[in-house]
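A.B. asks: Next one to model:
(one chain, ligands or ions: 1)
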Amino acid sequence: MPIKPNTCIEISKEDIKFSAAHFTIFSATERERLHGHNFKVSLCLTAEVGENGMCFSYVEIKRRLRTLVDTLDEYTLLPQLSPYLEIAQEGDQYRVNFNGRSLFFPVEDTQLLPLRNTTVEEFARYLLERLLGDDFFSADKGITELVVKVSSGPGQCGSACWTREA
Ligand SMILES: Nc1nc2c(c(=O)[nH]1)N=C([C@H](O)[C@H](O)COP(=O)(O)OP(=O)(O)OP(=O)(O)O)CN2
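C.D. replies: Below is the predicted model:
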């Protein structure tokens, strides 16, 4: 039986990570305390192998991933779409109301992200959407599937997957 000329490229490098402060929100009244992780990001993609025995250089992918994680590195990350947070800018601070209490974060050290929660699942989806917005992932590269994984520590991660529609 002929084997389809597809490959699965996996990128998982120690330096492809972002160090960030966050708190996971569990309900309208329960949240974690602010704390930090080194969030490690990895990627698997399925693509067609060309006549030259490769899909495209994965150096291109690593470069894009490094650029992307740098945009999140060394910030406090807040979920702009959380139904449980009210976020308002007051001068050079964000006031964040949760469960009747206010928390304050310096604007310059904080990023509001289009997420419902700052979980590994939501970070993975966000990064996957950012990658898919890049022309590199357009149809001519022969990429049919993309999976982004984000880990908050050894042995715990969440992923987001995309498959090209036929
Ligand atoms: N579905 C999810 N659940 C949780 C997430 C998440 O991203 N998705 N995140 C957290 C916490 O923010 C944290 O990252 C993990 O907390 P916890 O497991 O309690 O602590 P550690 O990472 O230090 O792991 P240990 O196994 O205790 O060493 C919670 N849930």
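A.B. asks: This structure against the ligand: which residues are in contact?
C.D. replies: Along the chain, the residues adjacent to the ligand under the rule CB under 6 Å from any ligand atom are 24, 32, 37, 119-121, 152-153, 158. Where C-beta positions appear, they are placed from N, C-alpha and C, glycine not excepted.
A.B. asks: rerun that using 5 Å as the cut-off
C.D. replies: Residues of the chain lying near the ligand by CB under 5 Å from any ligand atom: 24, 119-120, 152-153.
A.B. asks: Quick check: of those residues, which has the highest neighbour count?
C.D. replies: Of all these, the most densely surrounded is Val120 (23 neighbours; neighbours counted as other CB atoms under 10 Å).
A.B. asks: related to what we said a few turns ago, of the residues of the chain next to the ligand, closest to Leu132?
C.D. replies: Nearest to Leu132 out of the residues of the chain next to the ligand is Val120 (CB to CB; 18.5 Å).
A.B. asks: My read is that the closest one contacts Ala160, right?
C.D. replies: No. Assessed by CB atoms under 8 Å, Val120 is found out of contact with Ala160, at 9.6 Å.
A.B. asks: Right, I'll leave it there.
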